[in-house]
Each structure stands twice: as structure tokens, then as C-alpha cells.
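Student: sequence first, then the predicted structure:
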Amino acid sequence: MANAPEPEAPLMTDHPSRSIDSELTCREIANGVTDFLEGRLSPGINMKVRDHLASCTGCRTYVRQIALIKDTIALLPSQFPSPINRHRLREHFMVRYAPSSSTNSF
Amino acid sequence: MNLATTTYTEPFERPLSPVTQPLCVGTVATNPEEPLLARLRRGDGGTFDKLVTKHHGALIRMAMGYVADREVAEEVVQDTWIAVIEGLGRFEGRSSLRTWIFGIMIHKAKDRGVREKRHVTFSAFDSKSDENDEAVDPARFHQSGEWAGHWAIPPQPWDEQTPEKLLASQQAVSAMQRAIEALPPTLKEVLILRDVEGVEAKEACHILKITETNLYVRLHRARERVRVAVEKALGCGTDRTGSE
């Protein structure tokens, strides 16, 4: 069929002449994504960003990636003190606040 | 280690309660952390262990932004915990315990960094993290014509679209960790407090003594640098990106 629809929604075009006029560029959106994700934008600007995202694949991808980075950083393995330092800290703490039980160890 | 040189003072985050003796019985309602503080002051080692476990990793990572290497950072954080132990009895709860602990660490780390003449490096870093700079490389956008301001090099979707999948990619995790370690202190401290520690914006601003606008500008710059590192690690980057 000659005029078969695209498998993707046809509105998802990135050409500015066919996108929803949000009065914002991708550059402005990309540099303000953290403000958007953190809910810092005014309702009016927030709506414009959403309008832009509705018709811009690149910006949607960028927003998803920044959100993913944010969520993944929180889950990165943390670093703990070496056992000897931890033991010394515990000893110091016990001597200072519980002298009678300072001989206890882990 | 000289505890007497610790000059960091407890910041005022919470309004002062009419009762100015937080150790007195009856002030529990004015400070939600008072039960925790009471356990620590009673010498509850388990509570102290949990406190160390909760914050130590973030303290080490932040300290590494100010001093030369991991070994010195560990010394700074170890000194911080000693100062916390020594100061618990005097801590009045005017800020959160976390704000107080991180404030001590930053004070000690900056002091150690200055002694190591790291302040020269700070200046270089600070100039790179000028808040007027854009977080995203301008070269990724069209500069003129009908496409001006729109993506010239748009980000490519990643297969790893959940934190769990991204964490399963050793390349991505290594890239993230290296990118975080390489951040200048002004960006690293914000990223660690907000995204690693989950500190609320107001408290993070209080700890770092910056405005909320600066906090979010820096936070986005930091996240973008980590994103670019992952983009490269996953093979989705381009030669034109992340060329700092």
C-alpha cells in the first residue's frame, strides 16, 4: 500500500515546522530538564515543556536518560570504611559514651 | 588529628526552640532526632554503627573532591567521625545531624585541601563549572536556520531503560563511578547530597551554603556529565560529545 501509515505515531516528527509550537527549543528544554524533573517550573512553563516533549523524540529520550541517571546513582554500590577504621571508630565511641562496655567488639 | 582545631560551628537550620537546653528531658517534641541523639549519648554502639554505615560512603566521595586521593579522604572522614563523637554531647540539634556531620567533613576537607594547595585546582574547576555555562554541549544543537536550537546530535535511546538494567551493565556502572569521581567538587558535592544521599534541596543548600538556583544548575550539570559518560560507555555517544 503506497500511503501506509508509519508504524510510529505520525505526530512524532522532530521537524520544528511540524511539531507543536511550544515556544521552546530543544536546547532550552535539555538545559532545564532537572528543573522539570524536580517540579521547579511554573505551571505555564511546565505545560510548554510537556507540549514540546509530546512532539520531540530527542527531548523525550534526553528526559528519560537524565531521570534514569538520577534514579541509578541512588542505587550505586556505596563505599564503606575499612574494617580496621570502623573498629577504631567503634572503640573511640564506646570509650567516650559507654566506658564500662568499651571492651565489646563487633 | 587535633580536635581543638575544629572550628566548624553548628548551623541554624531549625528555628531555635524556647528551650535552649536540648539535653533536658521534655525537649523531645522539638527535635525529631532527639531519640537518636539520646541513644548515641547513652553509648548505643549499634546506633553509632548504623550512623557510620549510612553516611560514610557519601562522606568519602565528597571528601575526594577536596583532597588529593582516597587515602587522604579516608583520613579526613575518619577525623570527621572522631569530631562527631567528641561533639555529640554539645550538639544542640539546631540543624539535622546529617547537616552537622557533612558540615564538619566539608570544613575539614577544605582545610586539608588548602594545606595541600589543592585550592589552585579548585579555581580551575570552578571556572569550568561557571553557572553561566550550559549543562548540555551546545555543539549537539543546530546553531542557525529553521532548526536552530533543535537537536543536531540527539541522544540515542539506550537498551538499558531501568536502573536495574543499567546497574547490570558493568561498563555503565564503571563509567558512572568514574564520572562521579571526576566531577569538580562544586558539582560532586551537589550530586552526592541530592542523588546519592537523597538530601532535600533546602538542607543541601544549607550544608553547601548556596542558593537553590545554584543547587539545581550544578545538579543538572553533574547529571549531564554522568549521562554523557554512560552514553559513551554504551556506545551511543559521538565524537563530538563530551569533549571537555
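Tutor: It's in.

Student: buried stuff in the top helix by length along chain B?
Tutor: For chain B, the longest helix by residue count, based on DSSP state H, is helix B:212-233. In terms of neighbour count (16 or more other Cβ atoms under 10 Å in any protein chain shown), helix B:212-233 has its buried residues at B:215-233. C-beta: built from backbone N, CA, C; applies to glycine.

Student: so for it, what's the average pLDDT?
Tutor: Helix B:212-233 shows a mean pLDDT of 96 in the predicted model.

Student: that one and chain A, any residue contact?
Tutor: Yes: applying Cβ under 8 Å from any Cβ of the partner chain, one finds that helix B:212-233 is in contact with chain A at B:216, B:219-220, B:223-224, B:226-227, B:230-231.

Student: for that helix, what is the distance to the chain centroid?
Tutor: Helix B:212-233 has its C-alpha centroid displaced from the chain centroid by 13 Å (Cα atoms, centre = their mean, to the nearest Å).

Student: quick one: residue B:179 from residue B:42, how far?
Tutor: The gap separating residue B:179 from residue B:42 is 42 Å, by Cβ to Cβ, to the nearest Å.

Student: so for the two, which residue has more residues nearby?
Tutor: Per other Cβ atoms under 10 Å in any protein chain shown, whichever of residue B:179 and residue B:42 has more neighbours is residue B:179, with 23 against 10.

Student: which residues touch the more buried one?
Tutor: Shown in contact with residue B:179 (Cβ atoms under 8 Å, 6 or more residues apart in numbering or on different chains): B:225-226, B:228-230.

Student: let's see it at 10 Å
Tutor: A:69, A:73, B:191, B:222-223, B:225-230, B:232-233, B:242 (Cβ atoms under 10 Å, 6 or more residues apart in numbering or on different chains).

Student: next: residue B:160.
Tutor: By Cβ under 10 Å, 6+ apart, the contact set of residue B:160 is A:68, A:72, B:166-169, B:172, B:230, B:234.

Student: mind running it again at 8 Å?
Tutor: A:68, B:166, B:168-169, B:172, B:234.

Student: which SS class is it?
Tutor: coil (DSSP: H, G, I helix; E, B strand; the rest coil).

Student: please report phi then psi for it.
Tutor: Dihedral pair for residue B:160: phi -80, psi 100, per degrees, to the nearest 10.

Student: distance of it from residue B:230?
Tutor: In terms of Cβ to Cβ, residue B:160 sits 8 Å off from residue B:230.

Student: what does residue B:98 give?
Tutor: Taken as Cβ to Cβ, the span from residue B:98 to residue B:230 is 28 Å.

Student: residue B:109 too?
Tutor: Using Cβ to Cβ, we find residue B:109 at a distance of 27 Å from residue B:230.

Student: do residue A:86 as well
Tutor: Using Cβ to Cβ, residue A:86 is found at 32 Å from residue B:230.

Student: likewise for residue B:85?
Tutor: Distance, residue B:85 to residue B:230, by Cβ to Cβ: 39 Å.

Student: quick one: list the elements packing against the longest helix seen in chain A.
Tutor: Assignment by DSSP H gives helix A:57-73 as the longest helix of chain A. Applying 3 or more Cβ pairs under 8 Å, 6 or more residues apart in numbering or on different chains; DSSP states H and E, one finds that helix A:57-73 contacts helix A:26-31, helix A:33-37, helix A:43-55, helix B:163-168, helix B:170-182, helix B:212-233.

Student: closest one to residue B:136 among those helices?
Tutor: Among the helices and strands packed on helix A:57-73, the nearest to residue B:136 by Cβ to Cβ is helix A:26-31 (4.4 Å).

Student: now that closest one: mean pLDDT?
Tutor: Mean predicted confidence for helix A:26-31 is 95.

Student: just confirm yes or no for it near chain B.
Tutor: Yes: counting by Cβ under 8 Å from any Cβ, chain B has neighbours in helix A:26-31: A:26-28, A:30-31.

Student: include distance to residue B:152 and neighbour count when you put those into JSON lines, please.
Tutor: As requested, the residues of helix A:26-31 next to chain B are exported to JSON lines (distance: Cβ to Cβ, whole Å; neighbours: other Cβ atoms under 10 Å in any protein chain shown):
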{"residue": "A:26", "distance to residue B:152": "9", "neighbour count": "25"}
{"residue": "A:27", "distance to residue B:152": "10", "neighbour count": "21"}
{"residue": "A:28", "distance to residue B:152": "15", "neighbour count": "18"}
{"residue": "A:30", "distance to residue B:152": "12", "neighbour count": "25"}
{"residue": "A:31", "distance to residue B:152": "15", "neighbour count": "20"}
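
Student: which of those sits closest to residue B:31?
Tutor: Using Cβ to Cβ, residue A:31 comes nearest to residue B:31 of the residues of helix A:26-31 next to chain B, at 39.6 Å.

Student: list the buried residues of stretch B:161-181.
Tutor: By neighbour count on 16+ other Cβ under 10 Å, the buried set for stretch B:161-181 is B:163, B:166-167, B:169, B:172-173, B:175-177, B:179-180.

Student: mind checking how far it is from the chain centre?
Tutor: 18 Å.

Student: one more: stretch B:145-156?
Tutor: With Cα atoms, centre = their mean as the basis, stretch B:145-156 stands 32 Å off its chain's centre.

Student: ends of it, what's the gap?
Tutor: End-to-end distance of stretch B:145-156 (Cα to Cα, to the nearest Å): 23 Å.

Student: ditto for stretch B:114-134
Tutor: Stretch B:114-134 end-to-end distance (Cα to Cα) = 29 Å.

Student: pLDDT of it, averaged?
Tutor: In this model, stretch B:114-134 has an average pLDDT of 55.

Student: thanks again, I'm all set now.
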